[in-house]
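Engineer: no letters, just coordinates:
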């Protein structure tokens, strides 16, 4: 299937991890967050209940957002901003009407700034995601287990995938 967010079938290596509990999904996110750098964009793709917010919470802690900040999915506001060693821009595009909404809010400032951008429901805007975006696909297995897939596209994706192996 064509499209830059498709997780397999384009000759790209694919890291697969099974998380057996939400705490494990959180820890995977934290591990990724510890190694993110300013300008990184993380695209989270998966159905409702697959752990997108859980992994985003882990990423937030990994980039140093203090524990006293509750990391919630910004479903109604589209974006929340948190400060750690880097600024985290947490998008939730579930209610997004279209790419025009992103244009109206000046998405380039977030995508190409010094912070880290984490986007839930990123498949809705894949056409405007920058090159080098780290795609993370989450799939429901059962009540607690999730499959997490990370295509190893580009040096940053390969390096971050190697941390999880």
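Structural biologist: Ah, there it is. Predicted model, so just to flag it, every value in this text is computed and none were measured.

Engineer: how far is the longest helix seen in the chain from where the chain is centred?
Structural biologist: In the chain, with assignment by DSSP state H, the single longest helix is helix 22-34. A distance of 11 Å separates the centroid of the chain from that of helix 22-34, by Cα atoms, centre = their mean, to the nearest Å.

Engineer: and that helix, what does it pack against?
Structural biologist: On a contact count with 3 or more Cβ pairs under 8 Å, 6 or more residues apart in numbering; DSSP states H and E, helix 22-34 meets strand 14-19, helix 52-62, strand 134-140, strand 146-151, helix 154-164. Every C-beta, even on glycine, is put in place using the N, C-alpha and C of the backbone.

Engineer: mean confidence (pLDDT) on stretch 118-126, please.
Structural biologist: Stretch 118-126 shows a mean pLDDT of 94 in the predicted model.

Engineer: got the contact list for stretch 141-149?
Structural biologist: 7-8, 14-22, 25, 28, 46, 50-51, 55, 136-140 (Cβ atoms under 8 Å, 6 or more residues apart in numbering).

Engineer: list the buried residues of it.
Structural biologist: Buried residues in stretch 141-149, defined by neighbour count with 16 or more other Cβ atoms under 10 Å: 146-149.

Engineer: could these be laid out in CSV, adding distance to residue 69?
Structural biologist: Compiled in CSV, the buried residues of stretch 141-149 are given as follows (distance: Cβ to Cβ, whole Å):
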residue, distance to residue 69
146, 24
147, 29
148, 24
149, 29
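
Engineer: closest to residue 34 among those?
Structural biologist: Distance to residue 34 across the buried residues of stretch 141-149 (Cβ to Cβ) is lowest for residue 148, with 16.4 Å.

Engineer: is that closest one in a bridge, and if so with what?
Structural biologist: For residue 148, the beta-bridge partners under DSSP bridges are residue 17, residue 138.

Engineer: gap between the nearest residue to residue 137 once chain neighbours are set aside and residue 142?
Structural biologist: Nearest residue to residue 137, sequence neighbours excluded (Cβ to Cβ, 6 or more residues apart in numbering): residue 149, at 4.3 Å. Here residue 149 is placed at a distance of 17 Å from residue 142 (Cβ to Cβ, to the nearest Å).
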